[in-house]
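Visitor: quick one: sequence plus predicted model below, questions after.
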Amino acid sequence: MSTDAEQRVNLEITNGVAHVQLDRSDKCNALDLLMFHAIRKTIDQLKKDRSIRAVIVTGNGEDFCSGLDIKAVMSSTKGPLELLFKLLPWRANLAQYVSTGWRDIPAPVIMVIKGRCWGGGLQIALGGDFRISTPDASISIMESRWGLIPDMGGTLALKELLKLDKAKELAMTGEVVEGSQALQYGLVTHVDEDPYQRAVKLADMISQQSPDSVAATKKLYNKSWWSKLGLALLRESYYQIKILIGKNRAIKTYNQINQDKKAKEFINRKTW
């Protein structure tokens with residue numbers, strides 16, 4: 001078990017699955033600057049760890065994350081500047097990275113949503129590959145209630161998940177929806193009374209596949225979903241060749257053919 005930034009984030013890796021816990025339960029896991037930095041450091045650590053097979057992100061206590069701690073962040077001009085500053089306009093700043101950074105981890109990221117998942121909390125959850133929610137979780141694009149726009153990178157996922165009119169409606173009104181309703185909209189992948197155990201089962205299923213094929217599939221779909229057709233076909237061919245010459249493909253083929261024998265262990269994935 002490791003902790004970072006005064007226990008703002010806990011990280012435990014078990015059997016190749018990274019369990020990440022936002023840990024500021026006394027403040028409903030609201031985002032202050034320490035938590036922003038802790039999440040960024042955790043993402044950077046997981047991106048470099050080629051043994052990671054899946055990531056599960058939860059919130060300590062009753063809530064996933066209630067959003068930005070306005071009082072803590074806006075108490076001085078330094079806070080907003082630290083979140084919004086960027087050298088290159090097309091790169092993520094600190095506020096955006098806590099959402100978009102999960103997309104660059106070469107392993108599936110599963111967000112477990114319970115209680116409040118508001119504003120910046122939802123932006124973080126949108127950075128995952130999957131979102132599993134309790135039926136009664138409270139979910140909202142809440143920035144409009146503070147006279148702000150959602151600017152933490154979740155737009156990348158929203159355009160993939162929601163119809164444009166529904167995304168506008170939720171963002172402009174700040175409407176709060178329950179998990180079951182969010183499932184109908186496409187904001188969450190699954191609804192379950194025990195979302196954490198559902199996430200563990202999903203992580204286990206994915207971990208039985210070649211880590212190279214999983215990493216390549218994530219990168220292929222993330223880069224190609226809205227790109228030109230030719231580029232998508234190019235990536236398919238290139239990634240497949242890279243997989244075919246790798247050891248994990250051979251291991252997976254052996255395990256699939258010889259299911260009556262002891263399965264061979266995968267090696268650490270390639271760099272994707």
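Guide: Nice, thanks for sending it over. Numbering: from 1, shown residues only.
Visitor: any chance you could map the strands in the chain?
Guide: Ranges of strands in the chain, per DSSP state E, are 2-4, 9-14, 17-22, 54-59, 109-113, 116-118, 130-133, 138-140, 177-178, 190-191.
Visitor: pull the contacting residues for the nearest residue to residue 35 once chain neighbours are set aside.
Guide: If the residues on either side of it in the chain are set aside, residue 35 comes closest to residue 8, at 4.3 Å by Cβ to Cβ, 6 or more residues apart in numbering. Any C-beta I mention is one placed from the backbone N, CA and C, and that applies to glycine too. Going by Cβ atoms under 8 Å, 6 or more residues apart in numbering, residue 8 touches 22, 23, 24, 32, 34, 35, 38, 39.
Visitor: same check, this time on residue 218
Guide: Here residue 218 is in contact with 106, 107, 108, 129 (Cβ under 8 Å, 6+ apart).
Visitor: export the residues you listed to JSON lines and tack on pLDDT?
Guide: Listed next are the contacts of residue 218 as JSON lines, based on pLDDT from 0 to 100:
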{"residue": "106", "pLDDT": "97"}
{"residue": "107", "pLDDT": "98"}
{"residue": "108", "pLDDT": "98"}
{"residue": "129", "pLDDT": "98"}
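Visitor: rebuild those residues as JSON lines, extending it with distance to residue 243 and neighbour count.
Guide: Converted to JSON lines, those look like this (distance: Cβ to Cβ, whole Å; neighbours: other Cβ atoms under 10 Å):
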{"residue": "106", "distance to residue 243": "13", "neighbour count": "21"}
{"residue": "107", "distance to residue 243": "15", "neighbour count": "28"}
{"residue": "108", "distance to residue 243": "17", "neighbour count": "23"}
{"residue": "129", "distance to residue 243": "19", "neighbour count": "22"}
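Visitor: which of the residues you listed lies closest to residue 14?
Guide: The nearest member of those to residue 14, counting by Cβ to Cβ, is residue 107 at 14.0 Å.
Visitor: test my guess that the closest one contacts residue 217.
Guide: No: using Cβ atoms under 8 Å, residue 107 is not in contact with residue 217; the gap is 10.9 Å.
Visitor: am I right that residue 231 is in contact with residue 225?
Guide: No: the criterion here is Cβ under 8 Å, and residue 231 misses it with residue 225 at 11.1 Å.
Visitor: next up, the contacts around residue 136.
Guide: Contacts for residue 136 (Cβ under 8 Å, 6+ apart) come out as 178, 179, 180.
Visitor: gap between the residue nearest to the first one when sequence neighbours are not counted and residue 124?
Guide: Okay, so that is residue 178. Counting by Cβ to Cβ, 6+ apart, residue 178 lies nearest to residue 136, which is 5.4 Å off, once chain neighbours are set aside. Look at residue 136 and residue 124: by Cβ to Cβ, to the nearest Å, they are 20 Å apart.
Visitor: what count of nearby residues applies to residue 93?
Guide: 19 (other Cβ atoms under 10 Å).
Visitor: without its sequence neighbours, what residue ends up closest to residue 225?
Guide: Leaving aside its chain neighbours, residue 225 sits nearest to residue 160 (6.2 Å; criterion: Cβ to Cβ, 6+ apart).
Visitor: hmm, residue 222 and the one you found touching each other?
Guide: No: contact criterion Cβ under 8 Å: residue 160 and residue 222 do not qualify, at 9.0 Å.
Visitor: rewinding a little: indicate which one of the strands of the chain is closest to residue 80.
Guide: Nearest to residue 80, of all these, is strand 116-118, at 18.8 Å by Cβ to Cβ.
Visitor: run through the neighbouring helices and strands of that closest one.
Guide: If contacts are counted by 3 or more Cβ pairs under 8 Å, 6 or more residues apart in numbering; DSSP states H and E, strand 116-118 sits against strand 138-140.
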